[in-house]
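S.K.: Curious how this folds, go ahead:
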Amino acid sequence: MTTGSANMYRRTCRRVGLDRNPMRRREDRVQTGCAACLAMLFLVVVPLLAVLIGGSVYREQSAAVQAERARMHEVEATVVETGKAPLYAPIMPVHVRWRAADGTERDGDYQSTVVLEPGAQVTIWLDDTQRIVEPPSSTQALSKAVLLTAGAVCLTLLALLCCYALLRFELDRRRLRQWENEWVAADLLWGSHG
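M.R.: Purely as a prediction, here's the structure:
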């Protein structure tokens, strides 16, 4: 280790409380050790949460999306007429017509996210009862897995921070009690005895 990196190492150890300073009390060392243990616990728990919770939610949601996709099918429809799009929404109501699997012509209302003209072709999704439905989501499984994993990570972090806060509160009480006793002893030793 070079002199510069050794000095930086010593400074870092001193700042986090890992030096042999005689002014550091046992409570200071306990607080530093517990903080390091809680940080390591967090670093171990986060990947486990990601694998366990995120993985299981992703598998479960992927299976649900696949089951939903199996109940639906897509068809090409022709735009018959268009409605006025509201100013506040990025959708355009259109009336579409399509040919069902049995050969009959069907029609219905569809909410398009792009501007369409009458006569344009659009792909729509139908359920078992031949009603127009939203297309199956390709990102639903991943977004739910990420959201629930992030929630679990935040709750874990909150629990560990509460543990650290309670530990610090108790250690601060001990430090203050010891400081009070030391001042009483110093007053008896050095104080006025008049």
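S.K.: If we go by neighbour counts, what in the longest strand along the chain is buried?
M.R.: Once the chain is assigned using DSSP state E, the strand that runs over the most residues is strand 73-82. Using 16 or more other CB atoms under 10 Å as the test for burial, strand 73-82 gives V75, A77, T78, V79, T82. Every C-beta, even on glycine, is put in place using the N, C-alpha and C of the backbone.
S.K.: low-scoring pLDDT stretches of this protein, where are they?
M.R.: When residues are selected by pLDDT under 70, those of the chain lie in 1, 192-194.
S.K.: which residue is nearest the middle of it?
M.R.: The geometric centre of the chain, computed from its C-alpha atoms, lies nearest to A150 (CA atoms, centre = their mean), at 2.1 Å.
S.K.: In which helix or strand does that residue reside?
M.R.: Using DSSP states H and E, A150 maps to helix 140-190.
S.K.: Packing partners of that helix?
M.R.: Applying 3 or more CB pairs under 8 Å, 6 or more residues apart in numbering; DSSP states H and E, one finds that helix 140-190 makes contact with helix 26-49, helix 55-71.
S.K.: could you check the angle helix 26-49 makes with it?
M.R.: With axes from the mean of the first three to the mean of the last three CA atoms, to 10 degrees applied, the angle from helix 140-190 to helix 26-49 works out at 180 degrees.
S.K.: wait, which of the helices and strands packed on helix 140-190 is closest to A186?
M.R.: For A186, the closest of those is helix 26-49, at 19.3 Å, according to CB to CB.
S.K.: how far is that closest one from where the chain is centred?
M.R.: Here helix 26-49 shows a centroid-to-chain-centroid distance of 21 Å under the convention CA atoms, centre = their mean, to the nearest Å.
S.K.: ditto for stretch 60-78
M.R.: 27 Å.
S.K.: if we can go back for a sec, could you tell me how far the helix holding A150 lies from the centre of the chain?
M.R.: Taking CA atoms, centre = their mean, one finds the center of helix 140-190 at 23 Å from the center of the full chain.
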